[in-house]
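Trainee: Curious how this folds, go ahead:
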Amino acid sequence: MEWLSQRCPLPSAAQGWPRPGRGTLLLVLTLAVLMYPLLRGLALQLHSALTGSYIPGTSSMAFINCLNEQIAKDIARAIMDKKLAAQVNILPKSSALYFWKGELEESTEILLIVKTRTSKIGELSNYVRSIHPFEIPEIISLPIDQGNPLYLKWIEENVPRD
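Mentor: Numbers count the residues shown, from 1 in each chain. This next block holds a predicted model:
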């Protein structure tokens, strides 16, 4: 290693500085890894703001099962009144098989498909649980990765930010 310092001497001002050790390099590497998601998110938001493009996962669809059409309409209306969604589809009866308290059950249910901001899913879930007649209501969400950009923008415009 000494031959390297003879061939490539450090400038006189830098000779007083200690060389970075393994701890410093490990710290820099750790900070870079931890900051990546934040920096990537900021880059995506900047790109979206400049180009008007959609950021995958900004919007979500939630699926909620209801016992009958009247309950489904009441829950859908309550969701819309609270501005927790841009749209709620009420799909007709479907058959469901499931285990409840150790027994196989069969019923007909009405499915709600809720389009909203991903950031509203927690609030939506809490609200639906508070008004839903089921002991354990089905509330499942999936992020929207792609779609019609104008429709996805419409969702964002019609569901207020947190």
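
Trainee: What residues of stretch 137-149 count as buried?
Mentor: By neighbour count with 16 or more other CB atoms under 10 Å, stretch 137-149 contains the buried residues P137, E138, I139, S141, I144. Heads up, the C-betas are built off the backbone N, CA and C, glycines and all.

Trainee: so the fourth one is in which element?
Mentor: Element membership of S141, judged by DSSP states H and E, is strand 139-143.

Trainee: Rounded mean pLDDT for stretch 53-72, please.
Mentor: Averaging pLDDT along stretch 53-72 yields 92.

Trainee: from here on, count from 33
Mentor: Taking 33 as the first residue, the last one we looked at is stretch 85-104.

Trainee: What residue spans form the domains of the protein?
Mentor: The record's domain split for the chain, according to the TED database, is 54-85, 91-190.

Trainee: just flag whichever of these has the lowest average confidence.
Mentor: Note on the domains of the chain: domain 54-85 shows the lowest mean pLDDT, a mean of 76.

Trainee: which of the residues in that one are buried?
Mentor: Within domain 54-85, no residue counts as buried by 16+ other CB under 10 Å.

Trainee: Stretch 118-133 now?
Mentor: Within stretch 118-133, the residues scored as buried using 16+ other CB under 10 Å are A118, Q119, V120.

Trainee: In contact with the last one, which residues?
Mentor: It stands for V120. A108, I111, M112, L144, I145, V146, K147 (CB atoms under 8 Å, 6 or more residues apart in numbering).

Trainee: run the last query once more with 7 Å
Mentor: A108, I111, M112, L144, V146 (CB atoms under 7 Å, 6 or more residues apart in numbering).

Trainee: Repeat that for the second one.
Mentor: Applying CB under 7 Å, 6+ apart to Q119 gives the contacts K147.

Trainee: Need phi/psi at it.
Mentor: For Q119, the backbone dihedrals are phi -160, psi 150 (criterion: degrees, to the nearest 10).

Trainee: Which residue is the nearest non-sequential neighbour of the residue most central in space within the chain?
Mentor: Closest residue to the average C-alpha location of the chain: T150 at 4.6 Å, with CA atoms, centre = their mean. The shortest distance from T150 to any non-neighbouring residue, by CB to CB, 6 or more residues apart in numbering, is to S92 (4.4 Å).
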